[in-house]
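[1] sequence plus the predicted model coming up.
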Amino acid sequence: MIDQVVELQNNREHNSLKIAETLRYMAAMYVKPLRDHVHIEDAVLCDCAAGFGWLAFAYLLSGGKHAILVEPHAGKLEASRKLAAVLGVADRCEFRNDLLQDLSLADKSVDVFASIETLEHVGRKNIRAAVANIARVTRRVVLLTAPNQLSPLVSHDAGVPFSHWLPIGWRRPFCRMLGVSHSEYHHFPAPWHLGGLRKDFRPSASALVFRDFRAWRDHYPIYSPYAGGRWKMAPPVG
């Protein structure tokens, strides 16, 4: 049973999630838009970094052919193995304990590469290498989300306007001056970091991963499995 997966239950952000709704979120947010570009029943997905595997599992439960789950955190990877068995998809999974920039899959060996909120965690010196690796191993579709360094406000960091434009060592005192205490800061990718994808891929989504604004708007209301899980009834205002 899922409630017996110790590695999941010991994670405060994930142990209270509604599992069925989490899988529905991943299917609505990522798998459904993918169907506009690839026949998933014939496609191999690589999800890096996969975390506990929710996206990969939603993909497989929606009819996807096979999933490669790449996760550098050994505890999360072990939990994903157990969850795959509980969900009945273990026979269509491969598990790899790797970093994105070091992933050694063969050239053009996966149909779809998913990198969801990952590039900001690899470190400034590794962003371009990670993008080059995505381009190298992917045949057909890249599903990529990450905070944009050029945006004046990034909620994934301290949520303080312009703070992420500063060197990381300057951000904590800057935020404290504005009354915000934060502990985890990242190097965010900018559009020019994605140049390694332009040879073989072109942008096809106009609203996040959705083909257009209407498709993005219509995926609400939805349960979001972040910050402990919460329902989002409508798009944000402003």
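    In hand now; what should we look at? Computed from a predicted structure; not experimentally measured.
[2] for the residue lying closest to residue 22 once chain neighbours are set aside, give me its contacts.
    Nearest residue to residue 22, sequence neighbours excluded (CB to CB, 6 or more residues apart in numbering): residue 225, at 4.1 Å. Just so you know, the C-beta spots here come from the backbone N, C-alpha and C atoms, and that holds for glycine as well. By CB atoms under 8 Å, 6 or more residues apart in numbering, residue 225 lies in contact with 14, 17, 18, 21, 22, 25, 26, 54.
[3] now those: which count as buried?
    14, 17, 22, 25, 26, 54 (16 or more other CB atoms under 10 Å).
[4] for burial, what's the neighbour tally of residue 229?
    For residue 229, the neighbour count with other CB atoms under 10 Å is 17.
[5] that one contacts residue 22, doesn't it?
    Yes - using CB atoms under 8 Å, residue 229 is in contact with residue 22, at 7.3 Å.
[6] okay, and the common contacts of these two?
    Common contacts of residue 229 and residue 22, defined by CB under 8 Å, 6+ apart, comprise residue 223.
[7] distance of residue 123 from residue 102?
    12 Å (CB to CB, to the nearest Å).
[8] one more: residue 15?
    29 Å.
[9] let me see the contact set for residue 129.
    Residue 129 makes contact with residue 101, according to CB under 8 Å, 6+ apart.
[10] ok, now with 10 Å
    Residues in contact with residue 129 (CB atoms under 10 Å, 6 or more residues apart in numbering) are 99, 100, 101, 102, 122, 123, 196.
[11] show me what contacts the last one?
    Residues in contact with residue 196 (CB under 10 Å, 6+ apart) are 127, 128, 129, 130, 131, 132, 133, 134, 135, 136.
[12] and after the strand or helix carrying the first one, which helix or strand comes next?
    Per DSSP states H and E, residue 127 falls inside helix 127-137. Note on helix 127-137: by DSSP H and E, the next helix or strand toward the C-terminus is strand 138-145.
[13] in the protein, which spans are strands?
    Under the criterion DSSP state E, strands of the chain are mapped to 44-48, 66-70, 93-96, 110-116, 138-145, 222-224, 230-232.
[14] name the residue closest to the centre of this protein, please.
    Taking CA atoms, centre = their mean as the criterion, residue 116 is the residue nearest the geometric centre of the chain, at 1.8 Å.
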